[in-house]
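**Q** how would this look folded up:
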Amino acid sequence: MENKVIIFYHRVDYDGLFSCAIVEHYVIKELGIQEVITKGWTYGDPRPSLPEIKEGESCLVFLVDISFPPEDVLSLKNLGGYKVVWIDHHISAIDSSKELGYDDLEGVRRLGVGACELCWNYLHNNITAPKSIRLISAYDVWNKDRFSWDKETVAFQLGLKTQYGVVYNSINQVFEKLIEKDSRLTADIIESGKTINTYNQKRHKTAVGTYGFPVLVAGKYRGICMLTSEFGSQQFNSVINNYDITICVNKRDVAEGRPFAISMYSESETGLNLADYLKENFCGGGHKTAAGGSMTRDQFLQLIDTHTI
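**A** Predicted coordinates:
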């Protein structure tokens, strides 16, 4: 039995936050391990550190909704005293694991399902996940058919963000209520999110019309870009049928190196694999139709000056 657990999770969205909460609650309640460390991480962050373990101790390391750079994963895999469980759904990371020989790590990798739902299924023997987790999963992989997209999936996201922010401690404190059967809290969050969604659709239409600008992506694809503190292609709903790709750029909380975050989305496969494109050019990754990464100052200035990316 491991003496301690560390959970690395994608810190910028609810799929990562819920993945971490699922694992943390499981190892405390079901495995009886009380020493649990949670560390949020995202692409472009400094290399994460591991807790020291004494001789004879062991540490269970979960990577949920993320994968570190391949060299770090390989190093971690071969490090004595650490057992790695990797649960992820990003095609770029999964492909790298197959190419470089760490696809045999424990856990589960599967496309088309949110990492939080994969975590739940892995730890709970495929018992159907609570609705809150299924809603987060559907949003993260852009599954518009699973629930009513605007009235449930998007509304739940917006309600969560307004009431709790994208902050792990806030979500963790109400997690038990969110996974109850017929959770009243989940229903209340959806209701509050419906009102916010109606307001946001009007606000986003105005913002895109004022601040959005056309961009040529990879020399051939029609894109529209906006410098914004928000992420998500729903900001472009009013114009999305006119473009192949939508792009959000945001200033990151780092002083140098790669100070801008970028996310790209397409409603359907355009011929450009966004996960590969972001991986090759912006130290990122993700899915074929939704991916994120980080930009250098020079890359940002090129985007602004030339409207190409």
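**Q** domain map for the chain?
**A** 4-197, 212-306 (automatic domain parsing).
**Q** got a pLDDT number for residue 50?
**A** Residue 50 is assigned 80 on the pLDDT scale.
**Q** which ones are touching it?
**A** 6, 59, 61, 76, 79, 82 (CB atoms under 8 Å, 6 or more residues apart in numbering). Any C-beta I mention is one placed from the backbone N, CA and C, and that applies to glycine too.
**Q** looking at the residues you listed, which is nearest residue 302?
**A** residue 76 (34.8 Å; CB to CB).
**Q** separation between that closest one and residue 142?
**A** Residue 76 sits 30 Å away from residue 142, going by CB to CB, to the nearest Å.
**Q** show me which of the two is the more surrounded one.
**A** residue 76 (19 against 16; other CB atoms under 10 Å).
**Q** helix or strand: which one has that one?
**A** Assessed by DSSP states H and E, residue 76 sits inside helix 70-77.
**Q** mind listing what's buried along that helix?
**A** For helix 70-77, a neighbour-count test (16 or more other CB atoms under 10 Å) marks 73, 76, 77 as buried.
**Q** to residue 206, which of the domains of the chain lies closest?
**A** domain 212-306 (9.0 Å).
**Q** rewinding a little: angle of the helix or strand that comes right after the helix holding residue 76 against helix 70-77?
**A** Beyond helix 70-77 in the direction of the C-terminus, DSSP H and E gives the next helix or strand as strand 82-88. Between strand 82-88 and helix 70-77, the angle comes out at 140 degrees (axes from the mean of the first three to the mean of the last three CA atoms, to 10 degrees).
**Q** and strand 82-88, what does it pack onto?
**A** strand 59-64, helix 70-77, strand 106-109, helix 115-123 (3 or more CB pairs under 8 Å, 6 or more residues apart in numbering; DSSP states H and E).
**Q** pick the most buried one from the ones you listed.
**A** Counting by mean count of other CB atoms under 10 Å, helix 115-123 has the highest mean neighbour count of those, with a mean of 25.
**Q** circling back: just checking, what packs against the helix holding residue 76?
**A** Packed next to helix 70-77, using 3+ CB pairs under 8 Å, 6+ apart, are strand 82-88, helix 91-100.
**Q** now tabulate the ones you listed in JSON lines and tack on mean neighbour count and distance to residue 38.
**A** Converted to JSON lines, the helices and strands packed on helix 70-77 look like this (neighbours: other CB atoms under 10 Å; distance: least, CB to CB, whole Å):
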{"stretch": "strand 82-88", "mean neighbour count": "21", "distance to residue 38": "14"}
{"stretch": "helix 91-100", "mean neighbour count": "17", "distance to residue 38": "20"}
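**Q** re earlier: which one of the domains of the chain has the lowest average pLDDT?
**A** Among these, domain 212-306 scores lowest, at a mean of 88.
**Q** start to end distance for that domain?
**A** 14 Å (CA to CA, to the nearest Å).
**Q** repeat that for stretch 117-132.
**A** 10 Å.
**Q** which residues does it contact?
**A** With contacts defined as CB under 8 Å, 6+ apart, stretch 117-132 is touched by 18-19, 22-23, 26, 30, 64, 87-89, 107-108, 110, 116, 133-134, 136-137, 156, 178-181, 183, 186.
**Q** how far away is the residue nearest to residue 91 when sequence neighbours are not counted from residue 94?
**A** Using CB to CB, 6 or more residues apart in numbering and skipping the chain neighbours, the partner closest in space to residue 91 is residue 275 (5.1 Å). Note on residue 275: its distance to residue 94, by CB to CB, is 10 Å.
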